[in-house]
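S.K.: Predicted model and sequence below, questions to follow.
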Amino acid sequence: MPEIQGNLRRHMIRVPKVIDQVSGIRIFGKLIKSLVFTTDVAIIRNCNANAVIAVYPFTPQPIITHSLIHCADIPIFCGVGGGRTTGKRVSNLAEDAEYQGAMGVVVNAPTPNETIEYLNQKIDIPIVVTVVSKDTDIDARLAAGASIINVSGGANTAEIVRHIRQNHPNIPIIATGGPTDESILKTIEAGANAITFTPPTTADIFGEIMTEYRSSKHIL
């Protein structure tokens, strides 16, 4: 495949090539195979992932959602709570995310099915429901209005994906792939349609660059 790169944009974060083996999920005509898990706009602007899954461990705030969507040049799936953040606030955040241009919203594993049902009545973008255990009642999640299942089970992710896929051969599944090509491929073979990739932090990347600068013989 021909590839065009600018002189200044060659240094970017690339998702593992093995992710190309997934089928992908086509949403509003766009094929999504890889999602970068970050809220760092610098990484979002310098990564070749197909989309962003922007979930963070604080109460979701519209100003953060607006900033991410404004800065991104790829689709954004925005976290809207469902765990510590509950009730009508989740719906308000989801509606606001849709109005701002989010491709989908992500709710946490503890989100009640009643909340998902309410969201399904209020928004017209996919509801991505996070699953962390194979004991989750997937049928109930789908009946409530889940569009996509997002499996984030740590070392058990591939096993959870396989369990879900055995009973639901056609539902879209996003899953974390882990740190190696082998772990990613294991998750793909289990039945994931798209893979979430956790990038290195800007601090890690800067550390490598600064090490290179310090060892350079051409310091001015």
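M.R.: Here it is on my side, so go on. Residues are numbered from 1 along each chain as shown.
S.K.: quick one, helices of this protein?
M.R.: Using DSSP state H, the helices of the chain run over 41-44, 62-71, 88-100, 113-122, 138-144, 157-167, 181-190, 202-215.
S.K.: Dump those to JSON lines, plus mean neighbour count, distance to Phe77 and mean pLDDT.
M.R.: In this view, the C-beta of every residue, glycine as well, is placed from N, C-alpha and C. Formatted as JSON lines, the helices of the chain follow (neighbours: other C-beta atoms under 10 Å; distance: least, C-beta to C-beta, whole Å; pLDDT from 0 to 100):
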{"stretch": "helix 41-44", "mean neighbour count": "17", "distance to Phe77": "12", "mean pLDDT": "95"}
{"stretch": "helix 62-71", "mean neighbour count": "16", "distance to Phe77": "10", "mean pLDDT": "96"}
{"stretch": "helix 88-100", "mean neighbour count": "18", "distance to Phe77": "9", "mean pLDDT": "95"}
{"stretch": "helix 113-122", "mean neighbour count": "17", "distance to Phe77": "14", "mean pLDDT": "95"}
{"stretch": "helix 138-144", "mean neighbour count": "15", "distance to Phe77": "17", "mean pLDDT": "98"}
{"stretch": "helix 157-167", "mean neighbour count": "19", "distance to Phe77": "18", "mean pLDDT": "97"}
{"stretch": "helix 181-190", "mean neighbour count": "19", "distance to Phe77": "18", "mean pLDDT": "97"}
{"stretch": "helix 202-215", "mean neighbour count": "11", "distance to Phe77": "21", "mean pLDDT": "85"}
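S.K.: Of all these, which one comes closest to Gly24?
M.R.: Closest to Gly24 of the helices of the chain is helix 181-190 (C-beta to C-beta; 11.0 Å).
S.K.: Output the contacting helices and strands for the closest one.
M.R.: helix 157-167, strand 173-176, strand 194-197 (3 or more C-beta pairs under 8 Å, 6 or more residues apart in numbering; DSSP states H and E).
S.K.: Now do the first one: which elements does it pack against?
M.R.: I take that to be helix 157-167. By 3+ C-beta pairs under 8 Å, 6+ apart, helix 157-167 packs against strand 148-151, strand 173-176, helix 181-190.
S.K.: Pro200: what's its closest spatial neighbour, skipping adjacent residues?
M.R.: Spatially, and ignoring its direct neighbours in sequence, Pro200 is nearest to Ile13 (7.1 Å; C-beta to C-beta, 6 or more residues apart in numbering).
S.K.: partners of Ile27 in the sheet?
M.R.: Beta-bridge partners recorded for Ile27 (DSSP bridges): Lys30.
S.K.: Now do the same contact list for it.
M.R.: Pro75, Met103, Gly104, Pro126 (C-beta atoms under 8 Å, 6 or more residues apart in numbering).
S.K.: what about Ile32, distance to Ser215?
M.R.: Remark: distance between Ile32 and Ser215 (C-beta to C-beta, to the nearest Å) = 40 Å.
S.K.: Repeat that for Asn48.
M.R.: Taken as C-beta to C-beta, the span from Asn48 to Ser215 is 28 Å.
S.K.: This completes my enquiry, with thanks.
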